[in-house]
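A.B. asks: My questions are about this predicted structure, shown below with the sequence.
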4 protein chains.
Amino acid sequence: MTKARLEAFSDGVIAIVITVMVLELRVPEGSDWAALRPLIPVLLTYLLSFIFLGIYWSNHHHMFHTVDRVNGAILWANLHLLFWLSLVPFVTSWMGRNHFAAFPTAIYGVILLCSAIAYTILQAAIISRQGPGSKLKAAVGDDRKGKISALLYVAAIPLAFVAPLIADGIYVAVALIWLVPDKRIERRTEG
Amino acid sequence: MTKARLEAFSDGVIAIVITVMVLELRVPEGSDWAALRPLIPVLLTYLLSFIFLGIYWSNHHHMFHTVDRVNGAILWANLHLLFWLSLVPFVTSWMGRNHFAAFPTAIYGVILLCSAIAYTILQAAIISRQGPGSKLKAAVGDDRKGKISALLYVAAIPLAFVAPLIADGIYVAVALIWLVPDKRIERRTEG
Amino acid sequence: MTKARLEAFSDGVIAIVITVMVLELRVPEGSDWAALRPLIPVLLTYLLSFIFLGIYWSNHHHMFHTVDRVNGAILWANLHLLFWLSLVPFVTSWMGRNHFAAFPTAIYGVILLCSAIAYTILQAAIISRQGPGSKLKAAVGDDRKGKISALLYVAAIPLAFVAPLIADGIYVAVALIWLVPDKRIERRTEG
Amino acid sequence: MTKARLEAFSDGVIAIVITVMVLELRVPEGSDWAALRPLIPVLLTYLLSFIFLGIYWSNHHHMFHTVDRVNGAILWANLHLLFWLSLVPFVTSWMGRNHFAAFPTAIYGVILLCSAIAYTILQAAIISRQGPGSKLKAAVGDDRKGKISALLYVAAIPLAFVAPLIADGIYVAVALIWLVPDKRIERRTEG
């Protein structure tokens, strides 16, 4: 099996997920600043989720750059990742409309954590398929960024019930950690 | 005619169908666990439909791996399959919102059955185009999985009126049967 | 300019248009046959529009098979076609929800007519780009099907105000005329 | 990194953005001309936004024609552009439903301005990656069209509060300026 259709399908799903979020931005009834203001938290959450999905797309792009052939395990690990990402629009507008209330903020973190775990499983499936001398293994190393992100999510979820803004701050911090795509893969695949 | 655009178009439609389902997950008004709880059956149905669509995409992927050129019959058999798959989001949210009531559960089975029949027609169109020595024919064999699934759907539809949960159990069972992509095609196309 | 991205973009738009129509199938409140029955006209209109969009996609596919390079005129003629096709979901659900009332039925015909004109303009732009010895010109010939369809739409639009069902019958007739993809192109490009 | 997936992902997002706008065309309750009339401003705004997105897609297409390889900066500059474009459906229906009221008309201009700035940043990232002898630099020259458009948006935004129709006229004028794809790139890449 070649990777072309898997990439095309993933691109399609992520493109749709990133775009349908905007459908949740309900057009306000009024036509002044007062009508727009309640949408600000929804817009901010949209921006955060857009960045997270952009990071996933970009890292997915980098990761599959090291892949030549896929098998059933990679295919289903990829669908598993897409499943969690497809829930992002739902939690995004739930958190946004409730002005970062405790419970939706925690659930937002749960979806991010599950996506991160699914990404790690996909990574492991690819490394296992590539066997010894895996290009991805060499590029990812000990995957420090992945481990730190997971720990931060695990901390943020209970913290959401104490102070949602701290949890939100942690989500932003994780986004910043990842905003730079994995230089090691880029260097490896270019070098 | 080459198969590239047919694959791209099918990937696009399945990616959209799998993703728009999530738009039916109406964001709850409240922000606590009580607000989320009524969505659980919708989420479970979403998960089941996601798996079904993932199976169709994966098997479609495997099947077209054996195809070199397409003709009008394959093209329309493929559109016919996409038509039934495009109705999955509708029946998914209807069944989910009515907590697996009898009639929506039966209609869900009807759409799955029609999709399965459409898939079989597409398979037959490809085998007929490939003529004697068809790679797909060799890989599919007597298509036992396809026949068992169809029989299970035919049983589940009337059973939905007796006990919807039994019908739901049958749908899950069919999903489990297919979750493993067709090893025979994978082996053939890799060997 | 190569045609790859134009094809990919058109596939994307048509795939989305064909799929978002299903979002207009509002999930009924009840869970019995009585709740589903009012949706029958919407479902029938959906089926008709699905077939029309399938025909456009299939013919677009055949037409671009003869194309090697695109220019600005082809690119914008293609976007013009996609514009009219993007309005199909709107008129589909308007006609369906009003049980084939006169005015929505006429507007449905207007959108089909505009799409047909846009397709003819795109075809002319490609033939003009290909110059003498145009492969598409040879395949399309005097474009009898295109002319007959346009005439039928022109007849159906006023007839919708007399008897909407006659107009609907004409739409179905046009779909049947086109359901067979253009054998001449298929023969040419395969021969 | 190759540009194939970046192009495919951008095509996907723009195709979805251009198509979901039509979901905002709420199907009217009645079935006569009176029911359709209030939708005219929404339809006109839809047409304008469709043209703008078509221009962006077409210019994106031309611009990436000069690109061989992408890096992280190009990838994120591209996502940044897609972010602003993804907000177009929201401002389109807000402006359309409020019959070109002052504030939504100004915000529409803000989104167009931000998209234009994002496009310029993406252009600069590509030129910087290509280094001296950049094909894109040679094709774009002093980017007069880009600068004039930005100036026109900057003028239109405050003018929207004085007379929204003047602002709308400016948006239409910018669309007309760009409707012709950049001949210079076309000539260069064909020559």
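C.D. replies: Yes, it's here.
A.B. asks: Can you report how many residues neighbour A:Ala34?
C.D. replies: Residues lying near A:Ala34 (other Cβ atoms under 10 Å in any protein chain shown) number 10. For glycine as for every other residue, the C-beta is placed from the backbone atoms N, C-alpha and C.
A.B. asks: ok, is the helix or strand where it lies in contact with chain D or not?
C.D. replies: In this structure, A:Ala34 sits in helix A:33-36 according to DSSP states H and E. Yes: judged by Cβ under 8 Å from any Cβ of the partner chain, helix A:33-36 comes into contact with chain D at A:Trp33, A:Leu36.
A.B. asks: just checking, next helix/strand downstream of that helix?
C.D. replies: Toward the C-terminus from helix A:33-36 - assigned by DSSP H and E - lies helix A:40-65.
A.B. asks: Tell me the buried residues in the following helix or strand past that following helix?
C.D. replies: Per DSSP H and E, the first helix or strand lying C-terminal to helix A:40-65 is helix A:72-86. Neighbour-count burial for helix A:72-86 flags A:72, A:74-86 (criterion: 16 or more other Cβ atoms under 10 Å in any protein chain shown).
A.B. asks: Equivalent analysis for stretch A:93-105, please.
C.D. replies: Neighbour-count burial for stretch A:93-105, counted by 16+ other Cβ under 10 Å, picks out A:Ser93, A:Trp94, A:Met95, A:Gly96, A:Arg97, A:Asn98, A:Phe100, A:Ala101, A:Ala102, A:Phe103, A:Pro104, A:Thr105.
A.B. asks: Looking at those residues, which are in helices?
C.D. replies: Judged by DSSP state H, helices contain the following of the buried residues of stretch A:93-105: A:Ser93, A:Trp94, A:Met95, A:Gly96, A:Arg97, A:Ala102, A:Phe103, A:Pro104, A:Thr105.
A.B. asks: Just flag the most distant two among these.
C.D. replies: Across those, the longest distance by Cβ to Cβ is 16.8 Å; it joins A:Ser93 and A:Ala102.
A.B. asks: residues in contact with the helix holding A:Ala34?
C.D. replies: A:Pro28, A:Glu29, D:Phe103, D:Ile107 (Cβ atoms under 8 Å, 6 or more residues apart in numbering or on different chains).
A.B. asks: For the first one, pull up the helix or strand it's in.
C.D. replies: It stands for A:Pro28. For A:Pro28, there is no enclosing helix or strand under DSSP H and E.
A.B. asks: give me the residue from chain A nearest chain D.
C.D. replies: Going by Cβ to the nearest Cβ, chain D is nearest to A:Ala15 of chain A, at 3.3 Å.
A.B. asks: surely that residue meets D:Glu7?
C.D. replies: No: counting by Cβ atoms under 8 Å, A:Ala15 does not reach D:Glu7; the two are 11.8 Å apart.
A.B. asks: So for the two, which residue has more residues nearby?
C.D. replies: Neighbour tally, A:Ala15 and D:Glu7, criterion other Cβ under 10 Å: the higher count belongs to A:Ala15, 29 against 22.
A.B. asks: A helix includes the more buried one, no?
C.D. replies: Yes: the assignment for A:Ala15 by DSSP: H, G, I helix; E, B strand; the rest coil puts it in a helix.
A.B. asks: Tell me who's in contact with it.
C.D. replies: Applying Cβ under 8 Å, 6+ apart, we find A:Ala15 in contact with D:Phe9, D:Gly12, D:Val13, D:Ile16.
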